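> make a model of this:
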Amino acid sequence: MSDVRRALAQIEAIRGQVARATQFRGYGPATLAATGVLAVMAAAAQAALVSDPREQIASYLSLWVGTAIVSLALISLETISRARRAHPTLSLPMLRSAGEEFLPALVAGSLLTVVIARGSAGDVWMLPGLWQILFSLGVFASCRLLPRPMLAVGLWYLASGLLLLARGSGEYALSPWAMGVPFGVGQSLVAAVLWLGYREAHESS
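Predicted structure coming up:
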């Protein structure tokens, strides 16, 4: 039995290595583009419903955290479904590998939001910039599994996040479009890169 378990462990390790070396095709371009539209809609909702985010911190955070949760749910459902079709024999290890790349950024962003919201409400203005920087780190970590131009998307989010922080705590810091524009454009770029990458891979196969 020990030899069987050792052989199974070796097979699983090989499957994991193959998964880490294979381009991941589980992300759906249409769903990623839809999350960009959702970000723009959330920005419009903030403009209409949260007139002073500095005084309505709970409403501001509820709107954007809720938008992030809905977006993550949509992406996760689509990714699981697509991965099973695109990688029928490697779907589980590839999903695990993709999750391991992006999960640290998501966890760090969640914890950072809780810490700042509960312990330093005066620093909430930093969250949009920090969210975008952490998102860029998740994109950079995932580039190994995705088409090469995805690096440009990571740079977009990094630049937008740094620009927000550089502008300081002025009026624009918690503007609806400080989130709507970066994520609306960024997710559209993600969708375009994926669509072109999948098409090139299909044509070359």
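> can you pull up the most central residue in the chain?
Phe135 (5.6 Å; Cα atoms, centre = their mean).
> state the helix or strand in which that one lies.
helix 127-142 (DSSP states H and E).
> next helix or strand past the helix or strand bottoming out on mean pLDDT in the chain?
Using mean pLDDT, DSSP states H and E, the weakest-scoring helix or strand in the chain turns out to be helix 2-21, at a mean of 50. On the C-terminal side of helix 2-21, the nearest following helix or strand under DSSP H and E is helix 29-49.
> what mean pLDDT does that next one get?
Confidence over helix 29-49 (mean pLDDT, whole number) is 97.
> any buried residues in that helix, and which?
Across helix 29-49, burial judged by 16 or more other Cβ atoms under 10 Å covers 29, 31-36, 38-40, 42-43, 46. The way it works is simple: take the backbone N, C-alpha and C, and place the C-beta from them, glycine included.
> same thing with stretch 94-102?
94-95, 97-98, 101-102.
> and for stretch 108-124?
109, 113, 116-117, 124.
> could you dump that stretch to PDB, C-alpha only?
C-alpha atoms of stretch 108-124 as PDB (Å, rounded to 0.1, in the frame of the first residue of the first chain):
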ATOM      1  CA  ALA A 108      -4.500  41.000   2.200                       C
ATOM      2  CA  GLY A 109      -7.000  43.400   0.700                       C
ATOM      3  CA  SER A 110      -9.800  42.100   3.000                       C
ATOM      4  CA  LEU A 111      -7.700  42.200   6.100                       C
ATOM      5  CA  LEU A 112      -6.400  45.700   5.300                       C
ATOM      6  CA  THR A 113      -9.900  46.900   4.800                       C
ATOM      7  CA  VAL A 114     -11.000  45.600   8.200                       C
ATOM      8  CA  VAL A 115      -8.000  47.100  10.000                       C
ATOM      9  CA  ILE A 116      -8.300  50.500   8.400                       C
ATOM     10  CA  ALA A 117     -12.100  50.700   8.700                       C
ATOM     11  CA  ARG A 118     -12.100  49.700  12.400                       C
ATOM     12  CA  GLY A 119      -8.900  51.200  13.600                       C
ATOM     13  CA  SER A 120      -8.200  54.300  11.600                       C
ATOM     14  CA  ALA A 121     -11.300  55.800   9.900                       C
ATOM     15  CA  GLY A 122      -9.300  58.900   8.900                       C
ATOM     16  CA  ASP A 123      -7.200  56.700   6.600                       C
ATOM     17  CA  VAL A 124     -10.100  55.200   4.600                       C
END
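> got the contact list for that stretch?
53-54, 57, 60-61, 65, 126-127, 130-131, 134-135, 174 (Cβ atoms under 8 Å, 6 or more residues apart in numbering).
> between those, which is nearest Glu200?
Using Cβ to Cβ, Phe135 comes nearest to Glu200 of the contacts of stretch 108-124, at 25.1 Å.
> quick one: that closest one and Phe102 touch, right?
No: using Cβ atoms under 8 Å, Phe135 is not in contact with Phe102; the gap is 9.1 Å.
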